[in-house]
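Student: Structural data only, the sequence is not supplied:
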């Protein structure tokens with residue numbers, strides 16, 4: 001059965017799924033945070049700050 005958009009199956013129900021998608025905001029933050037911290041380090045002359053762990057997403 002085709003979804004609401006016709007070419008994407010079940011497109012209308014995706015926002016109602018309880019499972020997290022493979023790439024979600026938590027994963028994006030995990031990938032982005034070290035770069036943000038590295039930028040701050042570079043601006044401070046190359047100090048070596050700790051990169052905090054973000055752990056797993058709530059409900060993962």
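Tutor: Perfect, I can see it now. Keep in mind it's a predicted model, so treat the numbers as computed, not measured.
Student: Please make it C-alpha for all contacts and neighbour counts, starting now.
Tutor: Will do.
Student: OK, contacts around residue 57?
Tutor: residue 26 (C-alpha atoms under 8 Å, 6 or more residues apart in numbering).
Student: and with 10 Å instead?
Tutor: Going by C-alpha atoms under 10 Å, 6 or more residues apart in numbering, residue 57 touches 20, 24, 25, 26, 27.
Student: And for residue 18?
Tutor: Here residue 18 is in contact with residue 59 (criterion: C-alpha under 10 Å, 6+ apart).
Student: May I have the phi/psi pair for residue 54?
Tutor: phi -100, psi -10 (degrees, to the nearest 10).
Student: How many residues are close by residue 56?
Tutor: Residue 56 has 10 neighbours, counted by other C-alpha atoms under 10 Å.
Student: Residue 22 too?
Tutor: The burial count for residue 22: 6, using other C-alpha under 10 Å.
Student: State the distance from it to residue 28.
Tutor: 11 Å (C-alpha to C-alpha, to the nearest Å).
Student: same check, this time on residue 37
Tutor: Distance of residue 37 to residue 28, computed by C-alpha to C-alpha: 14 Å.
Student: higher neighbour count, these two?
Tutor: For residue 37 versus residue 28, the count of surrounding residues by other C-alpha under 10 Å is larger for residue 37: 16 against 10.
Student: can you pull the pLDDT of the more buried one?
Tutor: As predicted, residue 37 sits at a pLDDT of 93.
Student: Go through the strand or helix carrying it and flag the buried ones.
Tutor: Using DSSP states H and E, residue 37 sits within helix 25-43. Neighbour-count burial for helix 25-43 flags 26, 37, 38 (criterion: 16 or more other C-alpha atoms under 10 Å).
Student: my guess is residue 26 meets residue 59, correct?
Tutor: No. With contact defined as C-alpha atoms under 10 Å, residue 26 does not reach residue 59; the gap is 11.1 Å.
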